[in-house]
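In: Turn this into a structure:
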Amino acid sequence: MRKLFSLLLALLGFAAQAQVTFRITAVPANTPANATLYIAGTFNSWNPGSAAHALTRNPDGSYQITLPAATGTMEYKFTRGSWAAVETNASNGSVPNRTYTFGSSAATVLATVLNWEDLAGGSPGTGTSTAAANVSVISTTFAMPQLGRTRRVWLYLPPGYASSGRRYPVLYLQDGQNVFDAATAFAGEWGVDEALNQLAASGQDPTGCIVVAVDNGPNRLDEYSPWNNPAYGGGQGDLYLDFLVQTLKPYIDTNYRTLPGRENTGIGGSSMGGLISTYAALRHPSVFSKVASFSPAYWFAYQQLATYAHQHPANPNTRFYFVSGTTESTTMVPQMQALRDSLQRGGVPTANLNFNTRADGQHAEWFWRREFPAAYSWLYAPTTTTAARPVQTLSVNLYPNPTARELRVSLPTNLIEEAQLEITDARGRAVLRTRVRNGQHVDVSRLAAGLYLSRLTAGGAVGTGKFTKE
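Out: You can find the predicted model right below:
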């Protein structure tokens, strides 16, 4: 009887997740006859041209797609394969994200597309540029030789740049069309130019900052992840970062008065842009020292990212700013928190990890616009002497390496007598915690073969290392 009751509960739980069919009953008259329509939303990281989310055209001229069962509320829009061809309203203005809340029974949602942005003679958003006077476009076809593509690149110069003669720190942002201008933005702009101009005018940003923003393209998901997701793509992230580090940054440093060192160079983005920005700091610790991660899409390749962060500990002097809504997805906050914890275990001090969750936060441009000034102000605040942590690195040695049975601990006895040892596996999970003294033997014979990270702490000092268990 108990088994039957459990089965009934399971069936009821399954029934609470019902699939939904979206049907577009009418499209603009100038829609190309051979056009493929897509649905993009929170369920596929807003990929405007995902092959898995192409609509089927029916004999009656309508288009439809059925999405698998899920729970919660999704946001979405219709496109013709890119954000340049996203649906707009009758006057070619931006339309709010459509929403659908999954129920306990199958449903069909009917929709009408009034306009396509690229076929209505205008641009997304208001159609009128909102970029400040100190924003310009370096090139609409900036070469990306590593990828064999070109891209529009934007530039923000701080107020007074022309007459100051000073050099400035730099921030590189992804999804450039959403950064400065409502006329090019999808669902609203971040207003980075207005925010920085206001901070400068009020005296809250006395140093100023150059901002370089790179548009996304049809290959956004591929470029913003170094790892492939079987359902959505990815895998070109290393080449994209090579473009930023080897091509774009040298160009900016050569042609503008920058402070080119890592301590003055940051990177940031939202969603997939948050994923590639976090990875950038791990892969290029000598280039980037500041990371702005807004509602990061870590889910896209979370296990690979966690493993990479474990095997390539971040430079301890890197600042990470995380922010997301508490209800954006079931994995958003837990994965963001887990990565923050992994960075801390790898040696990044708590003072350099700024973790924020907002009850009203959404996966939307307005939310990232609101949160940008606080993120920027914290990331680019002058480094204080207390943040330097004079005894930051603890010199330790664990040997032999590789080892089959045990590790011997070598501590600087002139500084400490005892330390806390934590060993984590390649997935960032703690597998051993113990207090150790100099010369002590630690039994690791029960650990599975593989690569492990060791972290020893004593007071405010931290030492990290790697060893291989045979």
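
In: From now on I want contacts and neighbour counts done on CA atoms only, so please keep to that.
Out: Fine.

In: pLDDT below threshold where in the stretch 251-400 of the chain?
Out: Within the stretch 251-400 of the chain, the stretches with pLDDT under 70 are 383-396.

In: Now do the strands in it.
Out: Along the stretch 251-400 of the chain, the segments classed as strands by DSSP state E, counting those that start in this stretch run 265-270, 290-294, 319-325, 353-358, 397-399.

In: As TSV, those strands with mean neighbour count and distance to residue 87 would be great.
Out: Shown next, in TSV, are these (neighbours: other CA atoms under 10 Å; distance: least, CA to CA, whole Å):
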stretch	mean neighbour count	distance to residue 87
strand 265-270	25	22
strand 290-294	28	25
strand 319-325	24	26
strand 353-358	16	29
strand 397-399	18	59
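
In: any chance of these in a markdown table, with distance to residue 231 too?
Out: Formatted as a markdown table, the strands of the stretch 251-400 of the chain follow (distance: least, CA to CA, whole Å):
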| stretch | distance to residue 231 |
| --- | --- |
| strand 265-270 | 20 |
| strand 290-294 | 23 |
| strand 319-325 | 24 |
| strand 353-358 | 28 |
| strand 397-399 | 41 |
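
In: Quick check: bridge partners of residue 422?
Out: Assessed by DSSP bridges, residue 422 has beta-bridge partners residue 433, residue 455.

In: Is it correct that it is in contact with residue 434?
Out: Yes: Residue 422 is within contact range of residue 434, at 6.8 Å (criterion: CA atoms under 8 Å).

In: Could you check which of those two has the larger neighbour count?
Out: residue 422 (18 against 11; other CA atoms under 10 Å).

In: Could you check the pLDDT of that one?
Out: Model confidence at residue 422, given as pLDDT, is 82.

In: who are the neighbours in contact with the residue lying closest to residue 99 once chain neighbours are set aside?
Out: Nearest residue to residue 99, sequence neighbours excluded (CA to CA, 6 or more residues apart in numbering): residue 75, at 4.4 Å. Contacts for residue 75 (CA atoms under 8 Å, 6 or more residues apart in numbering) come out as 41-43, 97-100.

In: Between the residues you listed, which sits nearest residue 352?
Out: Relative to residue 352, the closest of these is residue 42; by CA to CA it sits at 29.7 Å.

In: just to revisit the earlier point, checking the residue nearest to residue 99 next. Helix, strand or coil?
Out: strand (DSSP: H, G, I helix; E, B strand; the rest coil).

In: My understanding was that residue 275 contacts residue 298; is that so?
Out: Yes: the pair residue 275 and residue 298 qualifies as a contact (CA under 8 Å) at a distance of 5.7 Å.

In: which stretches of this protein form helices?
Out: Using DSSP state H, the helices found in the chain span residues 2-15, 161-164, 192-201, 220-223, 237-242, 249-255, 272-283, 302-311, 332-345, 365-379.

In: Quick one, grab the pLDDT at the spatially closest residue to residue 446 that is not a sequence neighbour.
Out: What sits nearest to residue 446 in space, not counting adjacent residues and going by CA to CA, 6+ apart, is residue 405, at 8.0 Å. Reading off the confidence values, residue 405 has pLDDT 91.

In: Backbone torsions only: list them for residue 405.
Out: Phi and psi for residue 405, reported as degrees, to the nearest 10, are phi -130, psi -40.

In: any idea how far residue 370 is from residue 333?
Out: Distance of residue 333 to residue 370, given as CA to CA, to the nearest Å: 19 Å.

In: okay, now the domains of the protein?
Out: Per automatic domain parsing, the domain ranges recorded for the chain read 15-119, 135-388, 397-469.

In: Just give me how far the longest one sits from the chain centre.
Out: How far domain 135-388 lies from its chain's middle: 8 Å, per CA atoms, centre = their mean, to the nearest Å.

In: dump the residue contacts of residue 47.
Out: Counting by CA under 8 Å, 6+ apart, residue 47 touches 40-41, 220-221.

In: How about residue 358?
Out: By CA under 8 Å, 6+ apart, the contact set of residue 358 is 323-326.

In: Switch those residues over to TSV; also include distance to residue 270.
Out: Output for the contacts of residue 358, formatted as TSV (distance: CA to CA, whole Å):
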residue	distance to residue 270
323	10
324	9
325	12
326	15
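
In: give me the low-pLDDT residue ranges for the stretch 1-150 of the chain?
Out: Residues of the stretch 1-150 of the chain that meet the criterion pLDDT under 70 lie in 1-16, 91, 120-127.

In: what about residue 134, how many neighbours?
Out: For residue 134, the neighbour count with other CA under 10 Å is 15.

In: That one reaches residue 154, doesn't it?
Out: No: between residue 134 and residue 154 there is no contact, the gap being 10.7 Å when judged by CA under 8 Å.

In: What separation do you get for the residue nearest the centre of the chain and residue 324?
Out: With distances taken as CA atoms, centre = their mean, the residue of the chain nearest its centroid is residue 274 (1.2 Å). To residue 324, residue 274 is 11 Å away according to CA to CA.

In: on that earlier part again, identify the residues contacting the residue nearest to residue 446.
Out: Taking CA under 8 Å, 6+ apart, one finds 443-446 in contact with residue 405.

In: Please produce CSV containing those, extended by neighbour count, distance to residue 465 and pLDDT.
Out: Formatted as CSV, the contacts of residue 405 follow (neighbours: other CA atoms under 10 Å; distance: CA to CA, whole Å; pLDDT from 0 to 100):
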residue, neighbour count, distance to residue 465, pLDDT
443, 13, 17, 92
444, 16, 15, 90
445, 14, 18, 91
446, 10, 20, 90
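
In: hang on, residue 295 packs against residue 275?
Out: No: in this structure, residue 295 is not within contact of residue 275 by CA under 8 Å, at 9.1 Å.

In: Among the contacts of residue 405, which one sits closest to residue 28?
Out: So of the contacts of residue 405, ranked by how close each gets to residue 28 (CA to CA), first place is residue 446, at 65.8 Å.
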